[in-house]
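[1] Make a model of this:
(2 chains)
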Amino acid sequence: NAGVMQNPRHLVRRRGQEARLRCSPMKGHSHVYWYRQLPEEGLKFMVYLQKENIIDESGMPKERFSAEFPKEGPSILRIQQVVRGDSAAYFCASSKTATNEKLFFGSGTQLSVL
Amino acid sequence: GESVGLHLPTLSVQEGDNSIINCAYSNSASDYFIWYKQESGKGPQFIIDIRSNMDKRQGQRVTVLLNKTVKHLSLQIAATQPGDSAVYFCAELSGANSKLTFGKGITLSVRP
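    From the prediction side, this is the model:
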């Protein structure tokens, strides 16, 4: 019973490039959440998606960031024209229900922008 | 604004001793709380949760206490082991459609 799978584990991009982070939720989970973590900080909510729908994107920057969770395949967090300030660990979590309880987290993607 | 915060950034304990990690929350409407453990290079791992209609919940070697009067949450780890060394986060949820809000985290260091 695989957990939440994220890839890549580490991603290095130069300023101005695009970053695509992938997340496959746990089997049977249709709710996906993306969080960002800066060094020595807590996790900050970015976006909550259910299959093919964005439920809450109140934590997403208005520009350059987008997320999707298609009917087939993993959820994708996309960052266009990355800047150094985007460097962080990005975690995906999934849950079975919409109550947002007992989130199960992946191991994260560490994004480094040069 | 509403926030979840931890009193101390680091905690050092002797192996075998009990650990107590404290957390203060400010949203009186929060009705669900979780403690997560995060080891280096890994994602947060669920430890234990508690609803606001309870004041204590026990797991294996861990106990969570909730004091709604002073909006305080604590995690007690019995007989702390080296494997307990990690960053611990408290998180709160207020309502079914709200987002899980994390505190800043506290580092637990276990001395052999």
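[2] Pull the number of nearby residues for A:Lys71.
    Look at A:Lys71: counted by other Cβ atoms under 10 Å in any protein chain shown, it has 6 neighbours. C-beta coordinates here come from the backbone N, C-alpha and C atoms, glycine included.
[3] from what I can see it touches A:Leu49, true?
    No: the criterion here is Cβ atoms under 8 Å, and A:Lys71 misses it with A:Leu49 at 11.9 Å.
[4] Any regions of the chain where pLDDT drops low?
    All of this is about chain A. A:1, A:100 (pLDDT under 70).
[5] The chain in question should be chain B.
    Chain B contains residues with pLDDT under 70 at B:1-8, B:95-98.
[6] Contact distance from chain A - what residues of chain B qualify?
    Chain B comes close to chain A at residues B:4, B:32, B:34, B:36, B:41-46, B:49, B:89, B:93, B:96-105, as judged by Cβ under 8 Å from any Cβ of the partner chain.
[7] So which of these are in strands?
    Among the residues of chain B next to chain A, DSSP state E puts B:4, B:32, B:34, B:36, B:45-46, B:49, B:89, B:93, B:101-102 in strands.
[8] Can you turn the buried part of these into a ChimeraX selection?
    In ChimeraX syntax, the buried subset of those is picked out as below (16 or more other Cβ atoms under 10 Å in any protein chain shown):
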select /B:4,32,34,36,46,49,89,93,101,102
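[9] Thank you kindly, that will do.
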